[in-house]
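> No sequence on hand, only this structure:
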């Protein structure tokens, strides 16, 4: 394991350590509208990789002893998948290829189904990686992921967990401003939220059948000039 991958793995370990603290405290660590069975992970606010925090080393994130509870916020695995998809511009099918699983599995993860340890650690690494190389738009990120360098693409390297080489090809991105969570009412969030992935995964793309019943034909009659006069 090289230094870059070791750094990412250490980040995941520290995240789990802070997770223990978050579960024991409860209250402000809870996220409304999510399943209690879904894994939670705690990220530092500067995990969005401002230039000052990532000037050296891959994915440099520190969980210092002096940090307070206000320095962290909670994110679930389904939220992490949504962020990866939003940043990368990848489709569900492509995310499945990235994680070497089926598209259905990614849908289930996004809806809160549990992940095994290997996939969870890989998900954390991918999230940190995409945040670091983010070029500011999903269109640009997607284009660079499939750009060919010496018969290889960054997408292939990420799937093989070769983050060091993938970052060398992509370079550090400009990132984007992360807006604070919306303060709209919870019931309004539910109304605005899309259908869950488990309902969409088996959706039929066929057109809705419409009846081809015959309508009443229009009949025209001629009026004699004498009748008008």
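Looks like it came in fine. Since we're looking at a predicted model, the values are computed, not measured.

> make it CA atoms for all contacts and neighbour counts henceforth
OK.

> Would it be right to say that residue 113 lies in a helix?
No - with DSSP: H, G, I helix; E, B strand; the rest coil as the criterion, residue 113 is located in coil rather than a helix.

> That one: neighbouring residues, count only.
17 (other Cα atoms under 10 Å).

> Show the pLDDT at it.
The per-residue pLDDT reported for residue 113 equals 88.

> can you check the one 3 residues further on too?
What the model reports for residue 116 is a pLDDT of 90.

> swap in residue 126?
On the pLDDT scale, residue 126 gets 94.

> For it, list the residues it contacts.
84, 158 (Cα atoms under 8 Å, 6 or more residues apart in numbering).

> make it 10 Å
Contact analysis of residue 126 by Cα atoms under 10 Å, 6 or more residues apart in numbering lists 8, 80-81, 84, 98-99, 120, 132, 158-159, 161, 163.

> Next secondary structure after whichever strand or helix holds it?
Assignment of secondary structure by DSSP states H and E places residue 126 within helix 117-133. Sequence order places helix 138-145 as the next helix or strand after helix 117-133, per DSSP H and E.

> that older thread, flag every buried residue along the helix holding residue 126.
Buried residues in helix 117-133, counted by 16 or more other Cα atoms under 10 Å: 120-133.

> between it and helix 138-145, how many degrees?
110 degrees (axes from the mean of the first three to the mean of the last three Cα atoms, to 10 degrees).

> returning to what we had before: now, of the contacts of residue 126, which are buried?
8, 80-81, 84, 98-99, 120, 132, 158-159, 161, 163.

> Of the residues you listed, which belong to helices?
8, 80-81, 84, 98-99, 120, 132, 158-159, 163 (DSSP state H).

> Return the member of those residues nearest to residue 145.
Nearest to residue 145 out of these is residue 158 (Cα to Cα; 9.2 Å).

> nearest spatial neighbour of residue 174, skipping sequence neighbours?
Take residue 174 and drop its neighbours on the chain: the residue closest to it by Cα to Cα, 6 or more residues apart in numbering is residue 135, 5.2 Å away.

> Surely that neighbour is in contact with residue 170?
Yes - with contact defined as Cα atoms under 10 Å, residue 135 and residue 170 form a contacting pair (9.5 Å).

> Give me the common contacts of the two.
With Cα under 10 Å, 6+ apart, residue 135 and residue 170 have common neighbours 141, 144.

> quick one: low-confidence parts of this structure?
1-74, 177-185, 188-192, 194-195, 197-229 (pLDDT under 70).

> let's go with 50 and repeat that
9-37, 41-73, 208 (pLDDT under 50).

> Switch the contacts of residue 126 over to JSON lines; also include distance to residue 187.
Listed next are the contacts of residue 126 as JSON lines, based on distance: Cα to Cα, whole Å:
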{"residue": "8", "distance to residue 187": "37"}
{"residue": "80", "distance to residue 187": "23"}
{"residue": "81", "distance to residue 187": "23"}
{"residue": "84", "distance to residue 187": "26"}
{"residue": "98", "distance to residue 187": "34"}
{"residue": "99", "distance to residue 187": "34"}
{"residue": "120", "distance to residue 187": "30"}
{"residue": "132", "distance to residue 187": "34"}
{"residue": "158", "distance to residue 187": "38"}
{"residue": "159", "distance to residue 187": "38"}
{"residue": "161", "distance to residue 187": "40"}
{"residue": "163", "distance to residue 187": "40"}
